[in-house]
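> Build me a model:
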Amino acid sequence: MTASRPYAGAMGDASMVGLMGRVTGTVGPGLVGEVIVRVRGGAEHFLAHPADGRSRITTGTVVMVVEHLPPRTVYVTPAYDS
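Below is the predicted model of the structure:
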């Protein structure tokens, strides 16, 4: 019998792309921001960087994940034009 690891391999990189989240710590150049994303039946925090490398995305902004670097880093872009 093999040991069970919940969620191991359950969420591949491609599955994170396109998910929506909310900025909880400013994302911007030279900053390691934070976003909360609903995933795996709950909400999880991820370290975040701007997808274009230049934008500053303020707390409370709704964002979309465009790239995921396991285990806890995402690149995001604002989900809506402001």
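
> give me the beta-bridge partners of Glu44?
Assessed by DSSP bridges, Glu44 has beta-bridge partners Val37.

> my bad, should have said Glu67
Counting by DSSP bridges, Glu67 is bridged to Tyr75.

> That one: how many residues sit nearby?
Residues lying near Glu67 (other CB atoms under 10 Å) number 14. Yep, even glycine has a C-beta here, placed from its N, CA and C like the rest.

> Show me where this structure has its helices.
In the chain, helices defined by DSSP state H lie at 13-16, listed in chain order.

> where does it have low pLDDT?
Counting by pLDDT under 70, the chain contains low-confidence ranges at 1-14, 82.

> So for it, the centremost residue is which one?
For the chain, Val74 is the residue whose C-alpha lies nearest the centre (CA atoms, centre = their mean; 4.1 Å).

> doesn't Ala48 make contact with that residue?
Yes - counting by CB atoms under 8 Å, Ala48 is a contact partner of Val74 at 5.3 Å.

> before we move on, the earlier item: what residues are up against the residue nearest to the centre of the chain?
Going by CB atoms under 8 Å, 6 or more residues apart in numbering, Val74 touches Met16, Gly21, Val35, Val37, Phe46, Leu47, Ala48, His49, Val65, Glu67, His68.

> Narrow those residues to just the buried residues.
When the contacts of Val74 are checked for burial by 16 or more other CB atoms under 10 Å, the buried set is Met16, Gly21, Val35, Val37, Phe46, Ala48, His49, Val65, His68.

> Give me the phi and psi for Thr61.
phi -70, psi 140 (degrees, to the nearest 10).

> right, and it touches Gly21 too?
No - between Thr61 and Gly21 there is no contact under CB under 8 Å: 9.5 Å.

> Buried residues, stretch 52-65. List them.
Using 16+ other CB under 10 Å as the test for burial, stretch 52-65 gives Ile57, Thr61, Val63, Met64, Val65.

> whoops, stretch 23-36 was the one
Neighbour-count burial for stretch 23-36, with 16+ other CB under 10 Å as criterion, is recorded at Val23, Thr26, Val27, Gly28, Gly33, Glu34, Val35.
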